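**Student:** Coordinates only, no sequence provided:
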């Protein structure tokens, strides 16, 4: 046991020893371990490799010095780091995977990853990871990395070189290229700031610029670029350098400057530039390798830029060529040796389509297009092509027919395309369609020929000369006119041949001003010194440069024409003079005849007042009638001569048109009835009451037409006179007067002649109708002066309708009443016989007038001149003065003014006496102190009217009843009825006439009955009433017959009563027929 | 108010004529055929004027005028009278005046004159 114990003891001791040994060994080991660990750590720390030990949870347990240095962390920061913090995000997944593989037992895993430093710097590493297990659990990962950044960079750079070089070739645009470069630099070298600056004319442009510091001015780039360009080499500049280069003044603004700046110069075409990259973070970011890379990139970019600019140039050039090729109107094509098309432009293609209805195709043989053409045409082309392939250019014009059979002219240029070494594989052809030009040429040639013919056969002289008058061209006709040959004249001054020199200056002046002169008259001398007259049109013409430096003209020999003209002029003057003489003669004669006429008519009036036997009365009546007719003729002649001399003036006054037509009716109703013709007049309701017109002239025209109508209505006829308002504007009314007869009518061929002076349709010796034939001619002129027209419509055998129109303004009654009051007379009251002064230089006139006045009970003093009149007025007091106007030495107007100047109190009215032809001058007399006007020849009635108007003396009635025509009564006096019209219109007329018709019929029948019972008193009363009623209504014939019956009854003559009443019945029937007619035509 | 006129005229032609013309001139017209009727009307109504034909049956114008002027009633006695006459007996104006007739319109009638004269005597 002991043994055992001893053994046990021994064992125990041994164990204890062993324990001690073990403890020692353990301590040794621990010491060793500790030593080893420290050694190991020291070893780790002295290693250039990056060593890190990670916990399984990813926290960092240990890193060596090299690691800390590379990644930039301090010792105390490290314990806070996790695996993820130091691995580049792109590599985390890969790296984690590696760790997992190791954990699952794969040993000594090789790993390549990227560590990220404290400041974001990437460190490319390659190394091994191992895992320490305890109890089969991973407790620690050990990583040993080698920094392979430089190599990675080199590799990356290598890749970059390739990528950029490749891209520089491939990129479609520079913008893309720049962007791409930046992207690559950014991803491979973590470049954040990158610029390309291109200097052009001392200014920088930045086709590409990326800068993290947005506020960084390009100025820094520019300064550094300048610096680089000056040195012409790649540069690395650090912050201090940058500060110096950029300059102090900019620094005051506290700009952020890059820590490191790399720039490389490059140039392309004519430009220089700098490519730069820089960093604001770390000056270690870039190194020389990066500069080399940048230099390489810059070279690539320069190449690209160069290529780009060349490409641009080529593009422009080719665009130019393309433009030339396509734009011109020329057809361009080229062919190879087998005449196949190798190129063509659009025009060529169009031409083939248009002219040959074919398609142009590359490779097609050109002659195919002309297969259908003449052989000559194809042969010509072939020959030219062949020549061209021999190296000869050619130019020719060629004509062909198109498919549409149109002639086509082309001008062609064929040129060989000579390649290097003188090889000709193609020829080019340029053709131009000159059809129009050719046709123009042909037609120009034709027209030239035409004009040459005209020029040579020209009868007038065509010439051209320069501004100095030097002749450059003259037509051959000059020989015939002037006797000179054209070649004698060319080069000579044109004015040498003029004989009318004085007007040349003026002519040139006028020509310069107005560029052409027409109908210039001059004279020139021929080679035989004869003078000719010419008429010339000249103008300035432009030369080819648009400057007017030449004169062209056409001259015509008008010598003969002028001679004839002069003769004609003379003849015309003679004719005019003789016409004037004739007119003056007529006017004078008429005037002269008037004075004796005055005597004749005046004396006839006096003679008629003496006791005459019936035979004498008859003779005197005939003389009077002839005198009146003669006077009318004289008046017509005077009117016409006045119209022809343009002296006829209208005297417009307010006129009541109704009055005018009443006057016409009054004047002609008797004459019409005498001619078995009924005269009616109809005034349109729309006619204004008053118009401004010359009543005398209007009356003259209507009277003329009416008297003609009566004259040519020899059967029982009807004449209607109408006046209508045709139209009314603000300014004027247009009236139409129509005189319609049922007379003999006028042949159509004669109708135009009617209105010509001295033209009577019946000019035979046995003239049926009296008259001067002036009436219508005068009417025509009068109507013209009233702004109207005159005309006739006629059917031979049925009658004529003469019409005329005239214009007149409406007149207000205000004007009318004013006019009326102006003409109101102020009568001179005298109880005794009026004493009258008569002033007239003509004995006859004086005699006639004074005789008439004396017979009427006036006291008359006659004097024969104005002087005498003035004297007489000074001595005696007169009640009225009749003053002749036309007197020698002192005329009536002057005499009157002088009388007024004397200033006599209570001066008598002075009445002008003047010829009818002077009537127009009435106003003039009135304005010169004359009070009234009396037309000559003196008619007793008119003369005495004036005395009655101006004095209050009851004149003795001079009985001139011998001349008074027995006025026939009218069936119905329309004037009387028209009086009714204004009170009640047609209705009143119709009802009153109907009343009358019935009552008169009763009265006639009652009278007949009364006659049977011899109740004469009853008949008398009936007839008296009928007489009054008929008279009131203008039923004149009935009224007259009733008067006759009444008279018979008063005189107790009953024998004829029955017949008289029968006749009354007939007349009443006549009225009944006629009044229907009036009502119908109203 | 329009003036009232009495017309005495035995011829219906003239009577109608005057009546129509004066009616249009806005007079109130009563027409009769003899002098007696005139006096009857004057008794019944007031008038401004009498137009009197001289030659009328039953009672002629002369007698009628005489009776009017001799009338006891002032308004009748004073009424203006215009005679209308063919004047077969050639009375002068003085003659008419002595008969109490204020004025005279000769036949054949002048309408203007008539209208003027009627106006003249009805205005006052």
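**Tutor:** Good, I have the coordinates. It should be emphasised that the depicted structure is a prediction, and the values quoted were computed from it without experimental measurement.

**Student:** any idea of the pLDDT on residue 30?
**Tutor:** Since you didn't name a chain, this refers to chain A. You'll see residue A:30 listed with a pLDDT of 68.

**Student:** Can you look at chain B instead?
**Tutor:** 92.

**Student:** residues touching it, list them.
**Tutor:** By CB atoms under 8 Å, 6 or more residues apart in numbering or on different chains, residue B:30 lies in contact with B:4, B:5, B:6, B:7, B:41, B:45, B:47. For the C-beta atoms, the positions are set from N, CA and C on the backbone; glycine is no exception.

**Student:** is it fair to say residue A:414 lies in a helix?
**Tutor:** No - going by DSSP: H, G, I helix; E, B strand; the rest coil, the assignment for residue A:414 is strand, not a helix.

**Student:** List the contacts of it.
**Tutor:** Contacts of residue A:414 (CB under 8 Å, 6+ apart): A:384, A:385, A:387, A:388, A:393, A:394, A:395, A:427, A:428, A:429.

**Student:** Within reach of chain B, which of the residues you listed are there?
**Tutor:** Residues of those in contact with chain B (CB under 8 Å from any CB of the partner chain): none.

**Student:** Put the buried members of those residues into a PyMOL selection.
**Tutor:** To isolate the buried members of those in PyMOL, using 16 or more other CB atoms under 10 Å in any protein chain shown:
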select buried, chain A and resi 384+385+388+394+427+428+429
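
**Student:** just the strands in the stretch 401-550 of chain A please.
**Tutor:** All strands of the stretch 401-550 of chain A, identified by DSSP state E, counting those that start in this stretch, fall at A:407-419, A:423-433, A:461-466, A:471-474, A:516-525, A:531-542, A:548-557.

**Student:** With residue A:834 as the reference, name the closest of those.
**Tutor:** strand A:516-525 (70.3 Å; CB to CB).

**Student:** what mean pLDDT does that closest one have?
**Tutor:** On average, strand A:516-525 scores 84.

**Student:** what helices or strands is it leaning on?
**Tutor:** helix A:504-514, strand A:531-542 (3 or more CB pairs under 8 Å, 6 or more residues apart in numbering or on different chains; DSSP states H and E).

**Student:** Might you report the residue contacts of residue A:221?
**Tutor:** Residue A:221 neighbours (CB under 8 Å, 6+ apart): A:195, A:197, A:204, A:206, A:209, A:274, A:276.

**Student:** change it to 7 Å
**Tutor:** A:195, A:197, A:276 (CB atoms under 7 Å, 6 or more residues apart in numbering or on different chains).

**Student:** could you dump the residues you listed to TSV with neighbour count?
**Tutor:** TSV is the format used below for the contacts of residue A:221 (neighbours: other CB atoms under 10 Å in any protein chain shown):
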residue	neighbour count
A:195	27
A:197	24
A:276	25
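
**Student:** Now do the same for residue 106: its pLDDT.
**Tutor:** Since you didn't name a chain, this refers to chain A. 75.

**Student:** not quite, I wanted chain B
**Tutor:** On the pLDDT scale, residue B:106 gets 86.

**Student:** Next to chain A in this structure, residues from chain B, please.
**Tutor:** Neighbours of chain A within chain B, by CB under 7 Å from any CB of the partner chain: B:10-14, B:16-17, B:20-21, B:24, B:55, B:86, B:88, B:107-109, B:111-112.

**Student:** Show the buried residues in those.
**Tutor:** Judged by 16+ other CB under 10 Å, buried ones among those: B:10-14, B:16-17, B:20-21, B:55, B:86, B:88, B:107-109, B:111.

**Student:** Take those and keep only those in strands.
**Tutor:** Among these, no member falls in strands (DSSP state E).

**Student:** what's the closest of these to residue A:997?
**Tutor:** residue B:13 (9.2 Å).

**Student:** ok, the closest one touching residue A:1029?
**Tutor:** Yes - if you go by CB atoms under 7 Å, residue B:13 and residue A:1029 touch, sitting 4.7 Å apart.

**Student:** Can you pull the residues that touch both of these two?
**Tutor:** residue A:996.

**Student:** close to chain B, is stretch A:689-703?
**Tutor:** No - Stretch A:689-703 stays clear of chain B (CB under 7 Å from any CB), getting no nearer than 14.9 Å.

**Student:** what's next to that stretch, contact-wise?
**Tutor:** So stretch A:689-703 is contacted by A:650-657, A:660, A:663-664, A:667, A:721, A:733, A:737, A:779, A:782-783, A:786, A:804, A:806, A:808-811, A:813, A:816 (CB under 7 Å, 6+ apart).

**Student:** Could you do stretch A:421-429 as well?
**Tutor:** Looking at what lies outside stretch A:421-429 - CB under 7 Å, 6+ apart - the contacts are A:332-337, A:342, A:385, A:388-389, A:391, A:412, A:414-419.

**Student:** can we see that at 10 Å?
**Tutor:** A:330-337, A:339-340, A:342-344, A:348, A:366, A:381, A:384-394, A:412-419 (CB atoms under 10 Å, 6 or more residues apart in numbering or on different chains).

**Student:** So which of these are in strands?
**Tutor:** Using DSSP E, those in strands are A:331-336, A:342-344, A:394, A:412-419.

**Student:** Quick one: buried ones out of the residues you listed?
**Tutor:** Buried among these (16+ other CB under 10 Å): A:331, A:332, A:333, A:334, A:335, A:336, A:344, A:394, A:412, A:414, A:415, A:416.

**Student:** for those residues, which one is nearest chain B?
**Tutor:** Nearest to chain B among those is residue A:331, at 100.8 Å by CB to the nearest CB.

**Student:** The closest one touches residue A:343, doesn't it?
**Tutor:** No - assessed by CB atoms under 10 Å, residue A:331 is found out of contact with residue A:343, at 11.8 Å.

**Student:** where along chain B do the helices fall?
**Tutor:** Using DSSP state H, the helices assigned to chain B run over residues B:12-24, B:35-44, B:61-69, B:74-77, B:93-98, B:111-123.

**Student:** Can you check which of those gets nearest to residue A:552?
**Tutor:** helix B:111-123 (82.6 Å).

**Student:** quick one: contacts for residue 66?
**Tutor:** Just going to use chain A. A:44, A:45, A:46, A:47, A:48, A:49, A:50, A:51, A:145, A:146, A:147.

**Student:** that answer is for a different chain, and I need it for chain B
**Tutor:** B:35, B:59, B:99, B:100, B:101.

**Student:** Pipe these into TSV and attach distance to residue A:232 per row.
**Tutor:** What follows is these, written out as TSV (distance: CB to CB, whole Å):
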residue	distance to residue A:232
B:35	154
B:59	157
B:99	155
B:100	153
B:101	150
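
**Student:** okay if I get those residues as TSV plus pLDDT and neighbour count?
**Tutor:** Shown next, in TSV, are the contacts of residue B:66 (pLDDT from 0 to 100; neighbours: other CB atoms under 10 Å in any protein chain shown):
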residue	pLDDT	neighbour count
B:35	87	26
B:59	84	17
B:99	86	18
B:100	87	16
B:101	90	26
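
**Student:** got any ranges where the stretch 351-500 of chain A has weak pLDDT?
**Tutor:** Residue ranges of the stretch 351-500 of chain A with pLDDT under 70: A:371-373.

**Student:** Pick out the residue of chain B closest to chain A.
**Tutor:** Closest point on chain B to chain A, by CB to the nearest CB, is residue B:108, at 3.0 Å.

**Student:** so the residue lying closest to that residue once chain neighbours are set aside is in which element?
**Tutor:** Nearest non-adjacent residue to residue B:108, counting by CB to CB, 6 or more residues apart in numbering or on different chains: residue A:1031, 3.0 Å away. Secondary-structure assignment from DSSP states H and E places residue A:1031 in helix A:1016-1032.
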